[in-house]
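Trainee: Sequence first, then the predicted structure:
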Amino acid sequence: MPELPEVETVKRGLSAAMEGAHIKKLELRRGDLRFPFPEDFEGQVSGRTIIGLGRRAKYLLIDLDSGKTIISHLGMSGSFRIEAGSASGTPGDFHYERSKDERHDHAIFHLEGKDGPRRVIYNDPRRFGFMDIADRSELQNNPFLFALGPEPTGNELSAAYLAERFAGKAQPLKGALLDQKTIAGLGNIYVSEALWRAHLMPTRAAGTLVTKTGRPKEPLNLLVASIRDVIADAIKAGGSSLRDHIQTDGSLGYFQHAFSVYDREGHPCRTPGCGGTVSRIVQAGRSTFYCPVCQK
DNA sequence: CCTTGAACCTGGGCGC
DNA sequence: TGCGCCCAGGTTCAAG
């Protein structure tokens, strides 16, 4: 679910409910997700005020007035939702019996905002997500954030930068682009989509896009533009569905209907005049979708 | 260092 | 209806 555009959409969806709100209490329903929650996590968060939300790659950042920042990763199945009011239903309430989904509510922020009490609930069936907390001034040294490469939408990502990273690499482009140390925020969907836009085969060795002298070959310029565009388009699509549905669930919004190759095995390629059929292969244990006709 | 594969977890979909 | 199998948006660790 959550690659960079989805986390950005979640951040925007949570902003109104969380920014400026007082955290009456953080309630943890279990001791761990993928990793144990930090030492005295509830104590460090309860009683604080949220001064802002941020994002780095696929990490949601929640800034507290204590100078600490909560670092939240949604894994494969994590989501946030907002509920009005201060407590769950009462016995006799139609909604009281905990639904199947609520069994996976692991962390609940009990908030007091300008418009009254509400809860922001983190749900994660597979528990591949995790949370950490660190001093804001030390964020760049956090073990989860430390080694991350540049954001795909910023100026730091350039053909020259990728040429440097790709030089001499036999690794397929698919794997090279999934590496968060090279570009932070791309996942399985958007790597397939970006390579399709750039007409590049996912199996092609990353090093073939670099000249002997370490300069970017022409397709690398197109790849950088494709990465930027696909991420920007997805954020825009998330944003538009956000306005309609106040989407905080990390779902793909309307963009999923715009996938060109992802999950479209056997369907016609959408490159004008191509006529190819989308194929699926497995690379490093994960599905890759591409058009064998127009991707080289 | 490079690259792959298994592991972590639960749920949904499909074939039988 | 149930069972077994495969698949799923991510990351880390061990092993080749």
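Mentor: Yep, it's here.
Trainee: helices or strands up against whatever helix or strand A:Phe80 lives in?
Mentor: In this structure, A:Phe80 sits in strand A:79-84 according to DSSP states H and E. The elements that strand A:79-84 packs onto, with contact taken as 3 or more Cβ pairs under 8 Å, 6 or more residues apart in numbering; DSSP states H and E, are helix A:4-18, strand A:116-123. Bear in mind the C-beta positions are built from the backbone N, C-alpha and C, glycine included.
Trainee: What angle do helix A:4-18 and it make with each other?
Mentor: For strand A:79-84 against helix A:4-18, the angle by axes from the mean of the first three to the mean of the last three Cα atoms, to 10 degrees is 20 degrees.
Trainee: tilt between strand A:79-84 and strand A:116-123?
Mentor: Using the same axes, to 10 degrees, one finds that strand A:79-84 and strand A:116-123 are set 160 degrees apart in direction.
Trainee: can the helix or strand following strand A:79-84 be found next to DNA strand B?
Mentor: Remark: after strand A:79-84, the chain's next helix or strand is strand A:105-113, criterion DSSP H and E. No - residues of strand A:105-113 are not located near DNA strand B by Cβ under 7 Å from any atom of the strand, the shortest gap being 10.8 Å.
Trainee: about what we covered before: name every strand pairing with the strand holding A:Phe80 and say which way it goes.
Mentor: Take DSSP bridges as the rule and strand A:79-84 pairs in its sheet with strand A:116-123 (antiparallel).
Trainee: Quickly check: the partner strand near DNA strand B or not.
Mentor: No - Strand A:116-123 lies out of reach of DNA strand B by Cβ under 7 Å from any atom of the strand, never closer than 10.6 Å.
Trainee: if you average pLDDT over that strand, what comes out?
Mentor: Per-residue pLDDT over strand A:116-123 has a mean of 94.
Trainee: And the next helix or strand past that strand?
Mentor: strand A:130-135.
Trainee: is DNA strand C contacted by the strand holding A:Phe80?
Mentor: No - residues of strand A:79-84 are not located near DNA strand C by Cβ under 7 Å from any atom of the strand, the shortest gap being 9.9 Å.
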